[in-house]
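**Q** one predicted model, sequence on top.
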Amino acid sequence: MVSVTSSRLVRNREARRATLALERPGVAWAVPGLLFFAVFALAPMAGVVYLSLTSWDGLSAPQFTGLHNWSRFLSDGQMWQSTLVTAVLLVGNIAVQAPISILLGVWSAGHQRNRAVLSAIFFLPLLLSTAATAVMWRQLLDPNFGVPAELAGLLGSANLLGSQGGAVACLVLVTSWQFIPFHTLLYQGAARTVPETLYQAAAIDGAGRARQFFHITLPQLRNTIVTSTTFMLVGGLTTFDIVLLLTNGGPGTDTSILPFTMYQTAFRTYDYGYASVIASFLLLLATGASFVMVKLSGYDKMTSTLEGM
Amino acid sequence: MMNSISRKRACATLVVSAALVVTAAGCGSSAGSAKSATGSVQFWTLQDPTNSVQQAAVDSYNSAGPGKVAMSVIATDGFKDKLRTAMGSSLMPGIFFNWGGGSLTDYVRAGKLVTLDPALKSQFLPSALQAGTVDGKLVGIPARGTQPVFLFYNKKVFTDAGVQPPTTWADLTNLVQVFKGKGITPFAVAGNATSSWTELMWIEYLVDRLAGPGLFQKIAAGDWSQWKDPAILKTAQMVKGLVDSGAFGSNFASVSYGAGGTSTLLDKGKAAMVLMGSWEYATQQSADPAFAKDGLGYLPFPSVEGGKGDPADVVGNPTNYLSVTTAAPATTAADFLKTTYSDSYVAGLVAKGEVPVTVNAKQALAKAPDPTYAGFQYDLVQKAPAFTQSWDQALGLTLGTPLLTEIQRLFNGQDSPEQFVSGVLAIKP
C-alpha cells in the first residue's frame, strides 16, 4: 500500500514537472524574431506598397500618383502574358519534379547496393550555384557545339531557345535538374521514417511492390508532399536568376515571368513605381498560393501520419 | 521565479536585437557633397585589363599633388545598378567610369554631374567626344580605347570558296547564296535573348547607310516619332530579307555570343563572317591565337546602294568615359582628368591592346601588340564623318531594353517589319 502511494506520488510529481517543462514559453521569446521580421520583411513590404503608389526613378524624390500604376498594370497585356508563363512554369516544374523526386527519394531510402554512391551523384547539382548551373546549361544547349547538335536527328535545327515552347521546356529541364536533389532529400528522410512493420504486414497480406508503394509509402509521405510542393510553389514564384541567365526572358518576351519582369522594370528601365506594383502582386500571389496549399492539404492541423501506430 | 528569469532574458534579447537594428540602420551615412576644392576623390572604375594602367595614373597623381584619388574596381555585372543606387544616395562617387550617351542623361538632368572644361576637347578625336556630351554639356571625357563595329571574316573559308569579302550590299547578298550553297552559315549572329545586341548592330549600320547619322541623332535627342521614317521600315524589311534568305542560318535564335558561340562558329569555319565590335580580335586571340593572327580578316561594313549615308561612317562604342559628380572636390577632379591623355597613360592603354582616341595616340600605336590591326581601327575612327554610339548605350537602359526586345522579335520572325515599327513607336508613347 505504502509503496503504491509513494509511487503514485512520484508519478504525480513527475507529471507536474513534465507540464512545467511543456508549458508554452512566454510571448517575450517571440519578440526578437518578430522584431527581425518587422524590420526586414514587414517594413520593406510596406515600403513597396507605398512605392507602388508613386512614380520614382531612383534619383529624385518619389512623386505620389495614386492608383495610376495599378490601373496601368491591370490593362497591361504583357503582365497577363507574364502571369500565364509564370503559371505554366510552376505547373511544369511541379509536374516534372514531384514524381521524379518521390521515386528517387523512396529508392534512396532503401538499403540497396551502390545506393550511397549513386545518391551522392544525384546530390551533386544541388551543390552548384544557380548562376553556374545556368551558364553551364547555356553552353550545353548551344545548337552548334552543345548537346542538341549531337541529337540533330531528333531535334532538327536544334533551335531550342528560339521558340517559346523550347525555351519553357529548357527552363523546366534546368530547374528540375537543379532542384530534384533537394526534394529527393526531403522524401528520402520522410521515407526512412515509415515503420518497417507496415511493409512486413503488407507483405504477409500478399501486397506487391507497387501496391505497397501506393498504399503505404505515398499516404505516409503526405505531409512531405505538402512541404515539398509548397517549396516548389513559393520558390517558383520568386525564381528569376535562371531566366535572367538562360533566356533573358526571350525569345522576345516569351519567357518573361513575373519576377524577371519586375527586375527588368526596376533595374533596367528604372521604373521603380511600376516594379513595386508587380512586386506587390507577386506578394499577394505567393501568400495566396501557400494559404490555399495549407488549407487544401489540412497541413495546418498537423496530424501525424503515424497516429495509432 | 521562473517567470522573472524568462522576463529578464527576454529583456536582454530585446536589448541585443534593438542594438542590431540600430547598427544596421546606422550603416548608410558619411560621404556627402564636396566643400573644398581639393581633397580626396572616390573613383569608381570597371574591372578590366586596363585597371593596372589606371592604378599607375592614380599612384603618380597621388604622389604629386595635394589631392588624393582612391580607386575602387567594380565588376562589370551590376556596375550600372550599383552606380545608379549610389548616385541617388549620399555615397555618390566623385569620378566614375561610364559608357556616355543615355547612361548619363538621367544624371545630368538630376543635376548630379559637373560640366567639364571645354578646353579638354582639343586633346581627343572629335567623333569620340560626341557621346560624352549631353544636352550640349561636356560631361564625359574618353578614358579607354575605341571599339568600332565592323565585319570580321574567316580568310580560309573565303579562299576555299574563291570569293572576296563584301564591299557593297549586292556583294553581301551574293555571298549569302554562295555560302549557303556550301552549307556554311554566311553570318554568325547571337540571337539568344541574352545577346540580342549583336542583332542591334545590323540595324544600326543599315539605318546609318540608308538615312545617314542624322536620323538616329534626332531619335536620341528625344524625337521618338522619327521611327516613322521610311528608312526604318526599309531597314526592317532588309533584315527580314536576310533572315528569310538564310543569311544567319536556321538556329541563330539559340546561339550565344562569344567563345562557344559566334566566335567559335567563325573560328571553326562553320560561319563565314560576323558583324562585331573590335573586341572580337581579343576574344579570338584568347581562344585560338593562331586563328587571330593569320586566319581572321576584317573590313568596314559595306556600302548600301542608293543610301544617303556616308560609307565611311562607323557605329559602335566610341570609347568609355570618365565623369565628375558634385561630390568631388573640383580642383582635384579636374587635375586628375588630365592624366587621361598623358603620354604614359596612352602608352599603357596601347600596350593592353586598346586604341586610344587621343590626338597623340597615332605614334604610340606603333608599339601595339598588332600595329596593323590597331592602325586599321584608328584610321577608321579618325576618318569617320560620324561615329554613332551603340543605340542601347545612347538611349540608356530605359528605352534600350524594350528596343532590344523588339529587335529580337523582328529577327525571330515573331514580328513583321510593319509590326516592328509600330512596336518600337509604342515604347515611348
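**A** Looks like it came in fine. Residues are numbered from 1 along each chain as shown, chains lettered A, B, ... in the order given.

**Q** show me where the stretch 251-400 of chain B has helices.
**A** Along the stretch 251-400 of chain B, the segments classed as helices by DSSP state H, counting those that start in this stretch run B:262-267, B:280-287, B:289-290, B:330-337, B:343-351, B:361-364, B:371-383, B:391-395, B:397-411.

**Q** ok, now the stretch 201-309 of chain A?
**A** A:209-212, A:218-220, A:222-238, A:241-246, A:258-267, A:272-297.

**Q** just the stretch 101-250 of chain B next, same as before
**A** B:102-109, B:126-129, B:155-161, B:169-181, B:197-211, B:214-220, B:230-244.

**Q** give me the most central residue, chain B.
**A** B:N317 (4.7 Å; C-alpha atoms, centre = their mean).

**Q** what's the burial count for the residue nearest to that residue when sequence neighbours are not counted?
**A** Once flanking residues are discounted, B:N317 sits nearest to B:Q147: 4.2 Å by C-beta to C-beta, 6 or more residues apart in numbering or on different chains. Yep, even glycine has a C-beta here, placed from its N, CA and C like the rest. Residues lying near B:Q147 (other C-beta atoms under 10 Å in any protein chain shown) number 20.

**Q** for the spatially closest residue to B:L425 that is not a sequence neighbour, what are its contacts?
**A** Nearest in space to B:L425, with sequence neighbours left out and distances taken as C-beta to C-beta, 6+ apart, is B:W227 at 5.2 Å. By C-beta atoms under 8 Å, 6 or more residues apart in numbering or on different chains, B:W227 lies in contact with B:I219, B:V421, B:V424, B:L425.

**Q** if we can go back for a sec, any chance of the helices of the stretch 201-309 of chain A in JSON lines, plus distance to chain B, mean pLDDT and mean neighbour count?
**A** Putting the helices of the stretch 201-309 of chain A into JSON lines (distance: least, C-beta to the nearest C-beta, whole Å; pLDDT from 0 to 100; neighbours: other C-beta atoms under 10 Å in any protein chain shown) gives the following:
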{"stretch": "helix A:209-212", "distance to chain B": "41", "mean pLDDT": "91", "mean neighbour count": "12"}
{"stretch": "helix A:218-220", "distance to chain B": "38", "mean pLDDT": "91", "mean neighbour count": "14"}
{"stretch": "helix A:222-238", "distance to chain B": "19", "mean pLDDT": "87", "mean neighbour count": "18"}
{"stretch": "helix A:241-246", "distance to chain B": "7", "mean pLDDT": "90", "mean neighbour count": "21"}
{"stretch": "helix A:258-267", "distance to chain B": "5", "mean pLDDT": "91", "mean neighbour count": "22"}
{"stretch": "helix A:272-297", "distance to chain B": "10", "mean pLDDT": "89", "mean neighbour count": "17"}
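
**Q** got the domain ranges for chain B?
**A** B:15-146+B:318-389, B:148-315+B:396-425 (automatic domain parsing).

**Q** distance between the last one and the chain's centre?
**A** This means domain B:148-315+B:396-425. Here domain B:148-315+B:396-425 is found 16 Å from its chain centre; the criterion is C-alpha atoms, centre = their mean, to the nearest Å.

**Q** check the first one too.
**A** In terms of C-alpha atoms, centre = their mean, the centre of domain B:15-146+B:318-389 is found 14 Å from the chain centre.

**Q** next one, pLDDT for the residue of the stretch 201-350 of chain B found nearest chain A please.
**A** Distance from chain A to each residue of the stretch 201-350 of chain B (C-beta to the nearest C-beta) is smallest for B:A253, at 2.6 Å. Turning to B:A253, the model gives it a pLDDT of 90.

**Q** grab the nearest non-local neighbour of it.
**A** Here the residue nearest B:A253, using C-beta to C-beta, 6+ apart, is A:G162, at 2.6 Å.

**Q** with A:V147 instead?
**A** A:L140 (5.3 Å).

**Q** pretty sure the one you found contacts A:G146?
**A** Yes. Using C-beta atoms under 8 Å, A:L140 makes contact with A:G146 at a distance of 4.9 Å.

**Q** I'd say A:T238 and A:L258 touch.
**A** No. If you go by C-beta under 8 Å, A:T238 and A:L258 don't touch, sitting 9.4 Å apart.

**Q** which residues are in contact with both of these two?
**A** Shared contacts of A:T238 and A:L258 (C-beta under 8 Å, 6+ apart): A:L282.

**Q** what about chain A, any weak spots by pLDDT?
**A** Applying pLDDT under 70 to chain A flags residues A:1-23, A:155-156, A:299-309.

**Q** got the contact list for the residue of the stretch 51-200 of chain B found nearest chain A?
**A** Taking C-beta to the nearest C-beta, chain A has its nearest neighbour within the stretch 51-200 of chain B at B:A193, 2.2 Å off. By C-beta under 8 Å, 6+ apart, the contact set of B:A193 is A:L161, A:T247, A:N248, A:G249, A:G250, A:P251, A:G252, B:Q408.

**Q** and the residue of the stretch 51-200 of chain A nearest chain B?
**A** Closest to chain B within the stretch 51-200 of chain A is A:G162: 2.6 Å, counting by C-beta to the nearest C-beta.

**Q** next, count neighbours for the residue of the stretch 201-350 of chain B closest to chain A.
**A** 32.

**Q** right, and it touches A:L161 too?
**A** Yes. In this structure B:A253 lies within contact range of A:L161 using C-beta under 8 Å: 6.6 Å.

**Q** find the residues that touch each one of the two.
**A** Contacts common to B:A253 and A:L161, judged by C-beta under 8 Å, 6+ apart, are A:P251, B:N192.

**Q** who touches stretch B:108-125?
**A** Outside stretch B:108-125, the residues that touch it by C-beta under 8 Å, 6+ apart are A:59-60, B:87, B:92, B:104, B:107, B:129, B:134-135, B:137-142, B:146, B:323-326, B:328, B:330, B:333-334, B:337, B:341, B:357-360, B:381-382.

**Q** report the buried members of these.
**A** A:59, B:87, B:92, B:104, B:107, B:129, B:134, B:138-142, B:146, B:323-325, B:328, B:330, B:333-334, B:337, B:341, B:357-358, B:381-382 (16 or more other C-beta atoms under 10 Å in any protein chain shown).

**Q** in contact with the nearest residue to B:G423 once chain neighbours are set aside, which residues?
**A** Spatial nearest neighbour of B:G423, excluding adjacent residues (C-beta to C-beta, 6+ apart): B:E406 at 4.6 Å. Contacts for B:E406 (C-beta under 8 Å, 6+ apart) come out as B:D415, B:F420, B:G423, B:V424, B:I427.

**Q** before we move on, back to that, from memory the residue nearest to the centre of chain B sits against B:G277, does it?
**A** Yes. If you go by C-beta under 8 Å, B:N317 and B:G277 touch, sitting 6.7 Å apart.

**Q** find residues that contact each of those two.
**A** Counting by C-beta under 8 Å, 6+ apart, the residues touching both B:N317 and B:G277 are B:Q147, B:P148.

**Q** next, count neighbours for whatever residue of the stretch 1-150 of chain A ends up closest to chain B.
**A** Proximity to chain B, evaluated over the stretch 1-150 of chain A using C-beta to the nearest C-beta, is greatest for A:A28 at 3.0 Å. Per other C-beta under 10 Å, the neighbour tally for A:A28 reads 16.

**Q** over to A:F37?
**A** Other residues lying near A:F37 total 12 when counted by other C-beta under 10 Å.

**Q** where does it sit: helix, strand or coil?
**A** helix (DSSP: H, G, I helix; E, B strand; the rest coil).

**Q** OK, contacts around B:P311?
**A** By C-beta under 8 Å, 6+ apart, the residues touching B:P311 are B:R209, B:P300, B:F301, B:P302, B:S303.
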